[in-house]
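Trainee: sequence plus predicted model, see below.
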Amino acid sequence: MSALTLEDLTVSYDGVAVVHSASIDIAEGESFALVGESGSGKSTILRAITGLATEWTGAMSVFGRPRETLRKSEFARTCQMVFQDPYGSLHPRKTVDAVLSEPLKVHGIGQRSEKVRAALSSVGLDQRFRFRFPHQLSGGQRQRVAIARALMLEPKLMLLDEPTSALDVSVQAEILNLLKRIRAERNLTYLMVTHNLPVVGFMCDRMAVMNKGRIVEIAPATALHDGSFEDDYTRALYAASGGTAHDTEADPA
């Protein structure tokens, strides 16, 4: 079954198209990457899927349902997003407990205290972090909280917008390993935006390469090991990355 399908998706800002006729089909349980240089339109696709970029044409479906037919509450229970900046994505005046409890309150879900404790454990945070504020956490700890928040409604599809690029190199591998473990445990589908090809090799099954708002190639992540790409831009991107992909848990970044 397809978890996410985009057909001829064009996304515009103020009438100017920044994504042109993008088409991808992501299978349930797959981890798929959108890669390319900054400004290539990767994050804009995520914004269109979540409804943050409303000026689009084409077709989008989530687990077989047209995106426009999903109510906000239905979409939130199906799809969640982890943003790039852990410092800006959490409310500075709300404790971790309040941040994690909020989705449960909005959707009328009970056993909140129990679910918050379980969520913290699932992302490797001790219970002592529950009543701390974001400024009392490190960048890696904040991103763990952001991941826990995204998991509170038990979605099946996760959108990951450069989830480690704002973190210190020393904690990037920890977060990537966490995301990989959570995907396996919950059979999640990932759509990850990144410019880091070694991360793709570690995290993903397939990748779509974007250049100037267009998808120029879709390839298996295994192509990162031998450079078997067809498009000139993809080959140049591969060469610029050093021509290798790391696939060990010790150093995926």
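Mentor: Yep, it's here.
Trainee: which residues in the stretch 151-253 of the chain form helices?
Mentor: With helices called from DSSP state H, counting those that start in this stretch, the stretch 151-253 of the chain shows them at 169-186, 197-203, 223-226, 232-240.
Trainee: which of the ones you listed sits most buried?
Mentor: helix 197-203 (a mean of 24; mean count of other C-beta atoms under 10 Å). Where C-beta positions appear, they are placed from N, C-alpha and C, glycine not excepted.
Trainee: specify the beta-bridge partners of the spatially most central residue of the chain.
Mentor: Nearest residue to the geometric centre of the chain (C-alpha atoms, centre = their mean): residue 160, 1.0 Å. Beta-bridge partners recorded for residue 160 (DSSP bridges): residue 82, residue 192.
Trainee: close enough to count as contact, it and residue 188?
Mentor: No. Using C-beta atoms under 8 Å, residue 160 is not in contact with residue 188, being 10.2 Å away.
Trainee: quick check, pLDDT for residue 44.
Mentor: pLDDT recorded at residue 44 is 97.
Trainee: and it, how many neighbours does it have?
Mentor: Residue 44: 24 surrounding residues under other C-beta atoms under 10 Å.
Trainee: where in the stretch 151-253 of the chain is pLDDT low?
Mentor: Scanning the stretch 151-253 of the chain with the threshold set as pLDDT under 70 gives 243-253.
Trainee: please redo it, this time with the cut-off set to 90
Mentor: Where the stretch 151-253 of the chain drops to pLDDT under 90, the residues are 165-170, 195, 226, 240-253.
Trainee: what about the strands in the stretch 1-150 of the chain?
Mentor: 2-13, 16-27, 31-35, 56-62, 65-66, 79-82 (DSSP state E, counting those that start in this stretch).
Trainee: about what we covered before: with residue 50 as the reference, name the closest of the helices of the stretch 151-253 of the chain.
Mentor: helix 169-186 (18.2 Å; C-beta to C-beta).
Trainee: show me what that closest one is packed against.
Mentor: Helix 169-186 makes packing contacts with helix 139-151, helix 197-203 when contacts are defined by 3 or more C-beta pairs under 8 Å, 6 or more residues apart in numbering; DSSP states H and E.
Trainee: who does the longest one touch, helix- and strand-wise?
Mentor: Of the remaining helices and strands, those touching helix 139-151 by 3+ C-beta pairs under 8 Å, 6+ apart are strand 79-82, helix 96-106, helix 112-122, helix 169-186.
Trainee: do the same with the shortest one
Mentor: Secondary-structure packing of helix 197-203 (3+ C-beta pairs under 8 Å, 6+ apart): strand 31-35, helix 169-186, strand 189-194, helix 223-226.
Trainee: dump these to TSV, plus distance to residue 80.
Mentor: Formatted as TSV, those follow (distance: least, C-beta to C-beta, whole Å):
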stretch	distance to residue 80
strand 31-35	15
helix 169-186	12
strand 189-194	11
helix 223-226	27
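Trainee: for these, which one sits closest to residue 8?
Mentor: Between the helices and strands packed on helix 197-203, strand 31-35 lies closest to residue 8; by C-beta to C-beta that is 16.2 Å.
Trainee: partner strands of the closest one and their direction?
Mentor: As assigned by DSSP bridges, strand 31-35 forms pairs with strand 189-194 (parallel), strand 206-211 (parallel).
Trainee: ok and the first one relative to strand 16-27, angle-wise?
Mentor: For strand 189-194 against strand 16-27, the angle between stretch directions is 140 degrees (axes from the mean of the first three to the mean of the last three C-alpha atoms, to 10 degrees).
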